[in-house]
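Q: Using only what follows, build the 3D model:
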Amino acid sequence: MSANPYESERLLAEYLLFHYGSPEEILPAGAPAGMRDALDFAVRTTRHFSLGGVDRTLDLGCAVGRSTYELSRDSAETLGIDFSSSFVRAAAAIADGPQAYQRLDEAHRRTELLARLPAGSHFKGVFFETGDAMDLRADLGDFDRVHAANLLCRLTEPRKLLERLPTLVRPGGELVLATPCTWLGEFTPPENWPAGSTLEWLKEALGADFELIKVADEPFLIRETARKFQWTSSMVTTWRRRLTSAAADAPASLP
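A: Predicted structure coming up:
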């Protein structure tokens with residue numbers, strides 16, 4: 001892609017609402033239960049990690065940061081990385097106080113809203129930076145937890161990230177990948193799509209270094225206008241980094 005489609009003011013506002021909006025700000029009157037069940041996706045995906053505190057956590061494709069802040073509840077240091085500089089600026093700014101944005105209702109009609117962290121939140125050790133998930137800086141180090149929600153099928157070369165993951169997740173650490181498997185040529189060239197199912201593709205790519213712990217589905221809802229919503233189901237896979245790779249454990253072949 002020649003330009004980043006996530007730098008527009010409209011998408012920034014959509015994602016601020018998606019991450020921080022209240023049910024009253026997102027849902028239409030009389031919304032069916034399924035719409036309400038799809039709220040708080042950026043929070044729900046973080047709950048697929050095991051309970052307990054850790055040292056370092058990485059949130060790849062963090063967007064405007066709600067998942068990063070949630071992950072920091074159980075992590076001494078949490079780093080959020082996103083390709084969109086406007087998303088990263090918004091994510092960092094919310095730590096300093098509520099941030100104003102405009103929700104699109106229809107045509108020229110907009111509603112002023114505030115994106116804010118949950119009341120009573122005391123987040124610490126949270127950092128944000130702009131970065132490319134396919135070309136992360138070499139000195140990131142490793143992490144106890146790596147979270148990447150709705151990122152893989154928006155990368156031009158997703159295998160580059162999959163190949164980097166074993167160096168990012170510490171042995172015994174956990175990885176949570178969420179993807180709606182909506183492979184589109186405008187983001188990922190068809191030759192880089194999985195040949196079969198996304199789940200089998202992930203097992204093939206990660207199986208030597210990670211043990212698959214759980215597969216689940218998490219719906220999510222993005223409000224575009226007062227009468228238009230995206231309802232999607234994301235496949236969430238939870239993995240544990242092997243203490244040694246499966247390839248290293250395999251018996252040597254006979255001459």
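Q: Could I get the contacting residues of the spatially most central residue of the chain?
A: The residue lying closest to the centre of the chain (CA atoms, centre = their mean) is residue 149, at 2.5 Å. Residue 149 makes contact with 41-42, 45, 61, 67, 176-178, 234, according to CB atoms under 8 Å, 6 or more residues apart in numbering. All C-beta spots, glycine's among them, are computed from the backbone N, C-alpha and C.
Q: Next, format those as a markdown table and append neighbour count, distance to residue 53 and secondary structure.
A: Shown next, in a markdown table, are the contacts of residue 149 (neighbours: other CB atoms under 10 Å; distance: CB to CB, whole Å; DSSP: H, G, I helix; E, B strand; the rest coil):
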| residue | neighbour count | distance to residue 53 | secondary structure |
| --- | --- | --- | --- |
| 41 | 22 | 24 | helix |
| 42 | 24 | 20 | helix |
| 45 | 26 | 19 | helix |
| 61 | 24 | 23 | coil |
| 67 | 28 | 17 | helix |
| 176 | 24 | 16 | strand |
| 177 | 27 | 22 | strand |
| 178 | 25 | 22 | strand |
| 234 | 22 | 26 | strand |
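Q: Who are the contact partners of residue 43?
A: Residue 43 touches 66-67, 70, counting by CB under 8 Å, 6+ apart.
Q: and the nearest residue to residue 162 once chain neighbours are set aside, how many neighbours?
A: Spatial nearest neighbour of residue 162, excluding adjacent residues (CB to CB, 6 or more residues apart in numbering): residue 205 at 4.5 Å. Neighbourhood size, residue 205 [other CB atoms under 10 Å]: 17.
Q: what comes into contact with the helix or strand hosting residue 205?
A: Here residue 205 sits within helix 198-206, counting by DSSP states H and E. With CB under 8 Å, 6+ apart as the test, helix 198-206 has contacts from 152-153, 159, 162-163, 165, 175, 177, 179, 181, 183, 194-195, 212, 215, 235, 237, 239.
Q: Check which element follows that helix along the chain.
A: strand 210-225.
Q: buried sites along that next one?
A: Neighbour-count burial for strand 210-225, counted by 16 or more other CB atoms under 10 Å, picks out 210, 218-223.
Q: what does stretch 103-123 give?
A: Of the residues in stretch 103-123, those buried (16+ other CB under 10 Å) are 103-104, 113, 115, 117, 123.
Q: Stretch 136-152 too?
A: Buried residues in stretch 136-152, defined by neighbour count with 16+ other CB under 10 Å: 136, 140, 142-152.
Q: end-to-end on stretch 48-61?
A: 17 Å (CA to CA, to the nearest Å).
Q: Quick check: buried residues in it?
A: Neighbour count says stretch 48-61 has 48-49, 54, 56-61 buried, by 16+ other CB under 10 Å.
Q: just to revisit the earlier point, and which of the contacts of residue 43 is nearest residue 229?
A: Taking CB to CB as the measure, residue 229 lies nearest residue 66 of those, at 18.4 Å.
Q: ok, the closest one to residue 23 distance?
A: 15 Å (CB to CB, to the nearest Å).
Q: okay, these two: which has more neighbours?
A: residue 66 (26 against 11).
Q: need the contact list for the more buried one.
A: So residue 66 contacts 19-20, 42-43 (CB under 8 Å, 6+ apart).
Q: what's residue 84 sitting at in phi/psi?
A: Main-chain dihedrals, residue 84, degrees, to the nearest 10: phi -90, psi 120.
Q: which stretches of the stretch 101-250 of the chain aren't confidently modelled?
A: Scanning the stretch 101-250 of the chain for pLDDT under 70 picks out the ranges 245-250.
Q: now the nearest residue to residue 168 once chain neighbours are set aside: how far from residue 91?
A: What sits nearest to residue 168 in space, not counting adjacent residues and going by CB to CB, 6+ apart, is residue 146, at 5.3 Å. Residue 146 sits 17 Å away from residue 91, going by CB to CB.
Q: Please apply the same query to residue 40.
A: 17 Å.
Q: Out of the buried residues of strand 210-225, flag the one nearest to residue 80.
A: residue 220 (18.1 Å).
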